[in-house]
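Asks: Build me a model from this:
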Amino acid sequence: MNRPAPVEITYENMRFLITHNPTNSTLSKFIEDWPFDDGAPPPHQIVDDWLNLLKTKFREEPGCCVAVHCVAGLGRAPVLVALALIECGMKYEDAVQFIRQKRRGAFNSKQLLYLEKYRPKMRLRCKDANGHCCVQ
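Replies: From the prediction side, this is the model:
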């Protein structure tokens, strides 16, 4: 199976690496495992855990890159990255387009509908002195 190469998504002070399944040699680099159904949106608890992880990582290690994977790197991983962008204040349409510029084929119709209906609580949004999003 041909899988797309990993891509880095950078927005404001956040960096993400979207990739497909890790290998045995790279698995130890991932610190959490939050499985959810292929092609489906993430459960609420996974969204909460994901955003809490980002708040911690980006606060403790500014400039770090958070790697996110799923089987092919086209559905679940991009959805989690889109949620982070939306929580930082980006409109869902812009988040989808932003990710698809680097990850063609990302998102299915069910995931797009989920992102459209998602209502952010702005858990990652605050503005720094330059007006950029930063993690609180």
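
Asks: which strands and helices sit next to the top helix by length along the chain?
Replies: The single longest helix within the chain, with elements called by DSSP state H, is helix 44-60. In terms of contacts (3 or more C-beta pairs under 8 Å, 6 or more residues apart in numbering; DSSP states H and E), helix 44-60 is packed against strand 65-69, helix 76-87. Heads up, the C-betas are built off the backbone N, CA and C, glycines and all.

Asks: Return the distance of the residue nearest to residue 8 when sequence neighbours are not counted relative to residue 67.
Replies: Closest residue in space to residue 8, ignoring its immediate chain neighbours: residue 17 at 5.4 Å, by C-beta to C-beta, 6 or more residues apart in numbering. Distance, residue 17 to residue 67, using C-beta to C-beta, to the nearest Å: 4 Å.

Asks: Mutual contacts of the two, please.
Replies: Counting by C-beta atoms under 8 Å, 6 or more residues apart in numbering, the shared contacts of residue 17 and residue 67 are residue 6.

Asks: that older thread, what strands flank the one helix or strand the residue nearest to residue 8 maps to, and is each parallel or antiparallel?
Replies: Element membership of residue 17, judged by DSSP states H and E, is strand 14-19. With DSSP bridges as the test, strand 14-19 is paired with strand 7-11 (antiparallel), strand 65-69 (parallel).

Asks: buried stuff in it?
Replies: 14, 16, 17, 18, 19 (16 or more other C-beta atoms under 10 Å).

Asks: Show the contacting residues for the fourth one.
Replies: Contact partners of residue 18, counting by C-beta under 8 Å, 6+ apart, are 6-9, 68-69, 73, 77-78, 81, 99, 102-103, 106.

Asks: for the second one, same thing?
Replies: Residues near residue 16 by C-beta under 8 Å, 6+ apart: 8, 9, 10, 65, 66, 67, 68, 81, 84.

Asks: The fourth one pairs with what?
Replies: Beta-bridge partners of residue 65, counted by DSSP bridges, are residue 15.
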